[in-house]
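Participant: sharing a model prediction with you, sequence too.
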Amino acid sequence: MKTLAVNVPQAMLAEQARRGPTAASRLLAVETIGKEPRTADIKTCDQVLTDESEFWAVRQSAARRLGRMQSDEALQALLNAERSGITNQRVLSAVIEGLGTFVVSQEAHGTVLKHADRQQPLSVETAAIRALGQMRASPELIARGQKAALEAARKPSRRAVRYAAFASLRALEDPNAYSAVLELAQPARDDELRGQAVSVLGRLGRREEVREQTRTILTAWLYDPDRAAQIAAIGALGELGDPRSLADLERMRGSARGEDVRKAAESALDAVKRPEDPKRADGGLIDRLDTLEKQNQEMEKKFKALTDRLDATSKGRSPAKKTGAKNEKK
């Protein structure tokens with residue numbers, strides 16, 4: 001019902017972080033210090049992190065605090081800790097998580113890639129794959145991270161790792177991953193995480209070259225017999241943000257039997273109507289208006305042809321004879 005705020009001198013907090021009587025007191029101290037990237041606080045967190053006798057949760061907190069400091073000294077502390085050979089998997093995972101916050105550091109990016117491997121413990125590999133989604137150190141490292149995420153998204157990767165991989169693929173938004181994600185989203189694969197692939201497909205399909213194809217595929221999957229895939233397709237259309245999907249989403253909201261499907265349709269409708277990129281919405285709206293205009297023109301042609309036939313029938317002669325009669329008068 002309330003939070004605890006500790007208002008004591010920084011020197012006292014540093015002492016408590018290193019020598020507090022209980023793990024809870026040391027954890028509280030670590031979580032309180034380091035709001036500014038001061039050298040003394042970085043040193044304290046470094047000492048806590050590299051102390052193998054310390055409780056793992058306290059060391060985790062120290063690693064995450066270093067990641068939030070975003071200074072060269074904090075980065076070096078995390079890199080040194082990783083090189084020291086941390087044996088506790090949960091602490092190593094927190095170090096990788098902290099390194100992932102240094103988005104443009106090539107050294108951090110390369111270190112995280114080293115742990116994005118199936119030979120690593122589950123928590124470590126999961127942390128590395130998830131961190132790769134936010135790192136942008138260089139085109140070469142980004143490409144390697146994308147490759148690692150695609151590999152991790154496929155079986156026989158472990159379930160938690162695959163979830164992290166799909167999250168990274170969504171964040172990276174690399175168009176080169178589109179074909180691979182489309183393959184993973186196919187119903188024939190009978191994949192329990194197909195919904196994750198479908199969701200990412202909606203994000204990757206926003207490029208103009210594949211947008212119409214993506215919308216067609218996702219619209220067909222709105223009626224997939226698999227309820228999870230159906231909900232994922234609805235959400236993916238929201239991610240796609242194409243106003244031409246509004247009618248289909250309205251139909252799903254009005255006719256769906258399941259409450260979860262209706263809620264998904266409502267969320268997707270809101271996403272399409274209030275997109276992240278207004279220019280993309282304008283472009284999709286123009287496309288939709290063009291389509292409606294073409295349909296209207298076709299309907300006018302059919303209506304005129306039908307009217308001509310009715311006129312000819314009522315007068316007992318065909319449109320051709322009617323034209324001929326006009327020519328004779330002239």
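Facilitator: Yep, that arrived. Numbering: from 1, shown residues only.

Participant: so where is the chain shaky, pLDDT-wise?
Facilitator: The chain contains residues with pLDDT under 70 at 1, 4-6, 34-36, 256, 275-295, 297-298, 315-330.

Participant: please enumerate the strands of it.
Facilitator: Remark: no strands are assigned in the chain by DSSP state E.

Participant: grab the most central residue of it for me.
Facilitator: Centroid-nearest residue in the chain, with C-alpha atoms, centre = their mean: Arg170, separated by 3.4 Å.

Participant: how about the contacts made by that one?
Facilitator: Going by C-beta atoms under 8 Å, 6 or more residues apart in numbering, Arg170 touches 133, 199-200, 203. From N, CA and C alone the C-beta is placed, and that goes for glycine too.

Participant: surely Ile33 and Asp46 touch.
Facilitator: No - taking contacts as C-beta atoms under 8 Å, Ile33 lies outside contact range of Asp46: 12.0 Å.

Participant: who has more neighbours, those two?
Facilitator: Ile33 (24 against 20; other C-beta atoms under 10 Å).

Participant: from Arg83, how far off is that one?
Facilitator: 24 Å (C-beta to C-beta, to the nearest Å).

Participant: just Glu183 next, same as before
Facilitator: From Glu183 to Arg83 the distance is 38 Å (C-beta to C-beta).

Participant: looking at those two now, which is surrounded by more residues?
Facilitator: Glu183 (12 against 9).

Participant: need the nearest residue in space to Glu52, chain neighbours excluded.
Facilitator: Thr87 (7.1 Å; C-beta to C-beta, 6 or more residues apart in numbering).

Participant: tally of neighbours for Arg90?
Facilitator: Neighbour tally, Arg90, other C-beta under 10 Å: 16.

Participant: mind listing the helices for the stretch 1-150 of the chain?
Facilitator: 10-19, 23-32, 39-49, 56-69, 72-83, 89-100, 106-114, 122-132, 139-153 (DSSP state H, counting those that start in this stretch).

Participant: among those helices, which is nearest Ser245?
Facilitator: helix 139-153 (25.2 Å; C-beta to C-beta).

Participant: elements contacting that closest one?
Facilitator: Applying 3 or more C-beta pairs under 8 Å, 6 or more residues apart in numbering; DSSP states H and E, we find helix 139-153 packed against helix 106-114, helix 122-132, helix 159-172, helix 178-184.

Participant: most neighbours per residue, which of those?
Facilitator: helix 122-132 (a mean of 25; mean count of other C-beta atoms under 10 Å).

Participant: mind giving me the packing neighbours of that helix?
Facilitator: helix 89-100, helix 106-114, helix 139-153, helix 159-172.

Participant: CA atoms only for the second one - export them in CSV, please.
Facilitator: Below are the C-alpha coordinates for helix 106-114, written out as CSV (Å, rounded to 0.1, in the frame of the first residue of the first chain):
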residue,chain,number,x,y,z
GLN,A,106,30.1,-2.3,-30.1
GLU,A,107,31.9,-4.0,-27.2
ALA,A,108,28.6,-4.5,-25.4
HIS,A,109,26.8,-5.7,-28.5
GLY,A,110,29.6,-8.2,-29.3
THR,A,111,29.5,-9.5,-25.7
VAL,A,112,25.8,-10.0,-25.8
LEU,A,113,26.0,-11.9,-29.1
LYS,A,114,28.5,-14.3,-27.5
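
Participant: helix 89-100 and that one, what's the angle between them?
Facilitator: Going by axes from the mean of the first three to the mean of the last three C-alpha atoms, to 10 degrees, helix 106-114 is angled at 140 degrees with respect to helix 89-100.

Participant: got the angle between helix 106-114 and helix 122-132?
Facilitator: Using the same axes, to 10 degrees: helix 106-114 against helix 122-132 is 140 degrees.
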